[in-house]
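Visitor: Based on what follows, work out the 3D shape:
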Amino acid sequence: MEQGFINNVLPKLGLRYLREMSKPPLWFSYDREGDAVHVIFEDAKKSDKAALDRDDVIVTKRGKRIINMTILNASRFIH
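Guide: Below is the predicted model of the structure:
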């Protein structure tokens, strides 16, 4: 699933830069019940800010750096 997600899902979300990262995510999972993909780069802190964008992606940032993201309704990208 991971390679398929990287090759198929991330480009559709406009997150191509993740493919070129020198440091890959620490944790990557798919929750079937919630139909959500979780991508963790660092553990979040209470002071980090999270926001839901127009593509149903919850992005948590520390300053300008992405700490983690949750992609809701993820199955819409998997054919």
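Visitor: any weak-confidence spans in this protein?
Guide: Within the chain, the stretches falling below the threshold (pLDDT under 70) are 1-24, 78-79.
Visitor: which strand is the longest one in it?
Guide: The strand spanning the most residues in the chain, taking DSSP state E as the definition, is strand 65-72.
Visitor: Contacts for that one next, please.
Guide: 9, 13, 34-44, 48, 55-61, 77 (C-beta atoms under 8 Å, 6 or more residues apart in numbering). Using the backbone N, CA and C atoms, a C-beta is placed for each residue, glycine as well.
Visitor: Mind checking which of these are buried?
Guide: The neighbour-count test (16 or more other C-beta atoms under 10 Å) marks 9, 13, 36-41, 48, 57, 59-60, 77 as buried among the contacts of strand 65-72.
Visitor: Closest to residue 29 out of those residues?
Guide: When those are ranked by distance to residue 29 (C-beta to C-beta), residue 38 comes first, at 5.0 Å.
Visitor: Which element is encountered next along the chain beyond the helix or strand hosting residue 39?
Guide: Under the assignment given by DSSP states H and E, the secondary-structure element containing residue 39 is strand 36-40. Helices and strands here follow DSSP H and E; after strand 36-40, the next one along the chain is strand 49-52.
Visitor: ok, residue 77 to residue 41 distance?
Guide: Between residue 77 and residue 41 the distance is 20 Å, computed by C-beta to C-beta, to the nearest Å.
Visitor: next one: residue 62
Guide: Residue 62 sits 10 Å away from residue 41, taking C-beta to C-beta as the criterion.
Visitor: Kindly report the same for residue 70.
Guide: 12 Å.
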